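Engineer: Kindly generate the corresponding structure for this input.
(2 chains)
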Amino acid sequence: MSNAATPRSSLFIKYFSTLFAAAVIPLLIAGGSEAWFGYHDQRARLNDLLDAEARLAAEKIADFIDGIRDQLGWTVQLSWSDNPGDRRRLDALRLLRQAPAVESLSLVDAAGKERLFVSRIGLNRIEGGDDHSAKPAVIGARSDRTWFGPVTFQDGSEPFMTIAIAGTRAAAGVAVAEVNLKFIWEVVSGIRVGHTGEAFVLDRPGRLVAHPDIGLVLQADETAQKPLQILRAAILTRSGQAAAGQDMAGNMVMAAMAPIPGLDWSVIVTQPLAEAFGPIYTALWRTGVLLIAGAALAAILAYWMTQRMVGPIRLLEDGVARIGAGQFEHRINLATSDEFERLATRFNEMATELSVSQERSERINRLKRFLAPQVAELIERSGDDRVLDGRRVEVVAVFCDLRGFTAFSVRAEPETVIRVLREYYDALETVVSDHGATLINFFGDGAMILFNAPVSCVDPAFRAVGMASAMQKSMQGLLAGWRALDDRLGFGVGLAMGPATVGRIGSQGRLHYTAIGNVVNLASRLCSSAEDSEILIDRVAADAIGAGIPLVELDPRTLKGFDQPVPVFTVATDLAARSTI
Amino acid sequence: MHSVPRALAETTDGLRRRDLIALTGAAAAWIVPARAQVMPVIGYLGSESPERYSSRLSAFRDGLAQSGYAEGRNVAIEFRWAQGQYSRLPSLAKDLVNSNVAVMVAPGGAEVALAAKSSTTTIPIVFEMGGDPIALGVVDSLSRPGGNLTGVSSLSVEVSRKRLEFMREVRPGTKVFAVAINPASPTSASQLKNLHVAADSLGLNLVVLKASTEPEFEGMFVAVHEVQAGGLVFSSDPYFAYRSQQLAALASRRGVPTITQSRDFPLAGGLMSYGGDFHQSHHHTGIYAGRILKGEKPSNLPVQRVTKVELFINLNAASALNIAFPSSLLSSADQVIE
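Structural biologist: Okay, the predicted model is just below:
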């Protein structure tokens, strides 16, 4: 059974896919939208954060530069003409003390002559007198008040820049300071973007001026700094929005930029992508874990539900198989108090019905053997076979047999005898069946037929005569054929009406329905007495027919077992027909 | 139907087994390196004794700690001390190379750096010196040192001339000054040349006094008086620097206005000092040693220059010498000891 009906798909898989879809699709949608919106929110937040950090860093560095510029401003407030040189020298030395980034300072008077030079490394000069008027720093400061020189790398390593500032009056001259930019490191390294983000400074050509890893600045390696320039270009193309790119180590970072006013420098703040989008990665991880958990839950639920379904189903399957195999007494015991139990109850009821109906059909099949099909069907429909119970009833008994058959059977070949008998029985059965009579049995070449029992009918005598006529007609047709085999064959019918005891008789194995009474004997004797193609009818039947069928009374006949001659009638047409032969 | 739960059971079994394997693997990965990990060893080459180096050593250890290393916890330091006998440095360096140290630290001047450099071309070296590492042939470039060494330099050597300038400010009436030179130092020639140039531009005359051993120190201070010099200017040299206490004692005993490179000198009672901040330079040396231990290549670490130059003044010594400091110097001083 299991081999024949191996299912292509199992309940488990169906449940699993349904539950999986129910659990996972919402999760996927939620996770996907969370990631999507999270990404956009994070991107916007990051943009704001990095932008703010960059501006803050730019401000800090601008403050650093402004601090130096302000210090320099002190030295060019007074005119050279009304200010003694010694006082200036003290101011300059104090400036070196105050501004550690300033390595050296020269003060130039209105004519462009160097009046004072102080340095941390080199020797100080007073009234050096060199002409500095053609130096870009002096020219620049004179035209713009403040001048920032390009970044230079001393010994190819240390970043320096010249800052020059002119006094409000030309007579105050110009202060030119060499500033060691390594000091910006303190500013830059103090900037932390998130946990691992950093800030660095590029000058206008894109050289690294300040970086938390001072070594990168000191290396002054322009090839290695190329990614930073690309990063800056990327931010510029995004019109100031944070952009993704690579830092010098090749890590992917988000970067934003702010210019340092007056210097043409850019402060770029970066945050590693991994950190910047950390919350999104976390969300994706969470969704992934939930997906796995959802799938596992779906599998467990599917397994549990399948197990819950499979037990009852197997019980039902087994029960149905047994009932199908004919064990109608089998009952399916299910107490799941759900649809399964209801189904089991239905199956049990079905088994009961099947058993009742099988009993009945067995009984009816037995009845069919001796009842006319119509009668059998009637009993079958009513489902009641009490009509077969023994009782006394007015019946019409009809007997018929073949004339000269015994002699024929001796002479003829057995096959011929059997064939003739079969044709004979077939013809008789057809006629009996057509007239709703009960064929009680065949005995050799004879047959007994009963009317009004077990099923009562209207006008049994009339019907019996009609049937007898039909029999004769049918048999005469057959006899016409058989006479070629033996011209002494003939067919006679006798019928009588009267009370008889009818009912089932017989043992367990052999059951018969029959009629017992004088009327049966009479009919049998009348049959024996009848000649070929003759129908002999007793008085009771003839009286019952009345004028329905024209009958002719023949001479009373002496019949075996009857003390007095019995009045006998025959059908008028038959008589006429026979007379013509 | 029944095969499904069994398959499920097998899956969970499999997962469990795999988890177990992963866990075991992780545990093994966690244990094995810990067992296999031998503490990296720093070879520390010192020109003097641990006592003379003590302030430098603590600065070095600070820097090392900033890189995440602490002696005894995750790094071991093997010391070799030349006890002032600089000729022993090359053999001590070789000794460290033979001990197969992970990185050699060679602080305290060009002699140490050069001894370390000649001992190995493979073991990374971090030097610390006051002179110009390019001029002294230690490295070819500051930004890209190349080879197996990098380090920290200060401006101590370069600012020798500033000491002369300061001394002149303290003793404005004098034209003759004595200069102390250690002829054994590789920077002595260049410093002397610089000092002469400076003296010329300042209009001063120099008397050069030489000393390369402790016994010669006293003679120098005696000679200052003999030549009637206004003061004694020490050139930058580690041998002098590590003997600041001795020099300070001699200077005050002999009543000689003296300036040296190391802050230890005024702190010990000397008049004043002008030179690079050795605390910073040794601190950076420690940071670099740590970074190299972490796997960075010395050739990728540019030579750092400590740009800070500090002026220390001891007013007690000044009053003992009957010297009045000009306000320009006092205002420039990083620290004034009163």
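Engineer: chain center to the longest helix seen in chain A, what's the gap?
Structural biologist: The single longest helix within chain A, with elements called by DSSP state H, is helix A:11-75. Distance, stretch centre to chain centre, for helix A:11-75: 39 Å (CA atoms, centre = their mean, to the nearest Å).
Engineer: what about the nearest residue to B:G109 once chain neighbours are set aside, how many neighbours?
Structural biologist: Spatial nearest neighbour of B:G109, excluding adjacent residues (CB to CB, 6 or more residues apart in numbering or on different chains): B:P238 at 3.6 Å. (Glycine included, C-beta is placed from N, CA and C.) Residue neighbour count, defined by other CB atoms under 10 Å in any protein chain shown, stands at 29 for B:P238.
Engineer: Would you mark the buried spots in stretch A:314-330?
Structural biologist: Within stretch A:314-330, the residues that count as buried by 16 or more other CB atoms under 10 Å in any protein chain shown are A:L315, A:L316, A:G319, A:V320, A:R322, A:I323, A:F328, A:H330.
Engineer: again, but for stretch B:49-57
Structural biologist: B:R52, B:Y53, B:R56, B:L57.
Engineer: So what touches the one helix or strand the first one maps to?
Structural biologist: The reference is to B:R52. Using DSSP states H and E, B:R52 maps to helix B:50-66. Identification of contacts with helix B:50-66 by CB atoms under 8 Å, 6 or more residues apart in numbering or on different chains yields B:42, B:44, B:46, B:70-71, B:75, B:79, B:81, B:105, B:107-108, B:242-243, B:264, B:278-280, B:282-290.
Engineer: Mark which of these are buried, thanks.
Structural biologist: B:42, B:44, B:46, B:71, B:75, B:79, B:81, B:105, B:107-108, B:242-243, B:264, B:278-280, B:282-290.
Engineer: Just those: which are in strands?
Structural biologist: The members of those that map onto strands under DSSP state E are B:I42, B:Y44, B:G46, B:F79, B:W81, B:V105, B:P107.
Engineer: Now tabulate these in JSON lines and tack on distance to B:P326 and pLDDT.
Structural biologist: Formatted as JSON lines, those follow (distance: CB to CB, whole Å; pLDDT from 0 to 100):
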{"residue": "B:I42", "distance to B:P326": "45", "pLDDT": "94"}
{"residue": "B:Y44", "distance to B:P326": "42", "pLDDT": "96"}
{"residue": "B:G46", "distance to B:P326": "38", "pLDDT": "93"}
{"residue": "B:F79", "distance to B:P326": "44", "pLDDT": "95"}
{"residue": "B:W81", "distance to B:P326": "41", "pLDDT": "95"}
{"residue": "B:V105", "distance to B:P326": "41", "pLDDT": "95"}
{"residue": "B:P107", "distance to B:P326": "35", "pLDDT": "94"}
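Engineer: Which two of the residues you listed have the greatest separation?
Structural biologist: Within these, B:I42 and B:W81 form the most distant pair, 14.5 Å apart (CB to CB).
Engineer: near chain B, which residues of chain A?
Structural biologist: Within chain A, the positions near chain B by CB under 8 Å from any CB of the partner chain are A:7, A:10-13, A:89-90, A:93-94, A:96-97, A:100, A:103, A:120-124, A:153, A:155-158, A:180, A:182, A:214-215, A:218-221, A:299, A:303, A:306-307, A:310.
Engineer: Since that was my last question, I'll sign off now.
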